[in-house]
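**Student:** only geometry, no sequence info:
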């Protein structure tokens, strides 16, 4: 997936790479889609662990929000397979009309601790999840000179997002 994109992944190629027969791959995974799903699940689990470690060290709610978005973008930049998920012409299995429906549970996972840190967000947590998921997807898809480095992104989020969410 990382070297050739999602379209290039097929059972024959995986079997050849692993040095096993196609039947072995089918016996283990059942289908190409299940193979992709299991591979992505492993990567996403690693990403969640890495992001959770970074945000756990934040001191306050504002830094939690900022560092969450910076950490997620950092992971997408470091792991080519995640970046490939964002572009439909690469054969991404995730990019369709349901992208937000799948992204919001991940956003909710990372944002749930906000209510403990900032109880006044409890009554609008669904809106916060929606907003930050949309902002997160935008950060992943669209880069600019204003937010190219992690420090630039942090400064931008502190100036723009934190005042809106935590007035």
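**Tutor:** That came through fine. Bear in mind that the values here come from a model prediction, so they are computed numbers and not experimental data. Numbers count the residues shown, from 1 in each chain.
**Student:** low-scoring pLDDT stretches of this structure, where are they?
**Tutor:** Filtered on pLDDT under 70, the chain yields the residue ranges 86-97.
**Student:** ok, longest helix in it?
**Tutor:** Counting residues, the longest helix found in the chain (DSSP state H) is helix 32-56.
**Student:** Which strands or helices does that one pack on?
**Tutor:** Judged by 3 or more C-beta pairs under 8 Å, 6 or more residues apart in numbering; DSSP states H and E, the packing partners of helix 32-56 are helix 11-18, helix 22-29, helix 61-78, helix 80-85, helix 99-111. C-beta here means a position set from N, CA and C on the backbone, and glycine is covered the same way.
**Student:** Report the contact partners of residue 23.
**Tutor:** By C-beta atoms under 8 Å, 6 or more residues apart in numbering, residue 23 lies in contact with nothing.
**Student:** How much space separates it from residue 30?
**Tutor:** Residue 23 is 12 Å from residue 30, where distance means C-beta to C-beta, to the nearest Å.
**Student:** go on, residue 51?
**Tutor:** According to C-beta to C-beta, residue 51 stands 30 Å off from residue 30.
**Student:** So for stretch 119-128, what gets flagged as buried?
**Tutor:** Buried residues in stretch 119-128, counted by 16 or more other C-beta atoms under 10 Å: 121, 128.
**Student:** which residues are in contact with the longest helix of the chain?
**Tutor:** The contact list for helix 32-56 (C-beta under 8 Å, 6+ apart) reads 1, 6, 9-11, 14, 25, 29, 64, 67-68, 71-72, 75, 79, 81-82, 85, 93, 106, 109-110, 113.
**Student:** Apply the buried test to those and list what passes.
**Tutor:** Among those, those classed as buried by neighbour count (16+ other C-beta under 10 Å) are 1, 6, 9, 11, 14, 25, 29, 64, 67-68, 71-72, 75, 79, 81-82, 85, 93, 106, 110, 113.
**Student:** any idea how far residue 58 is from the residue nearest to residue 66 when sequence neighbours are not counted?
**Tutor:** Distances taken as C-beta to C-beta, 6 or more residues apart in numbering place residue 157 nearest to residue 66, at 4.5 Å, with adjacent residues excluded. Noted for residue 157: a distance of 13 Å to residue 58, by C-beta to C-beta.
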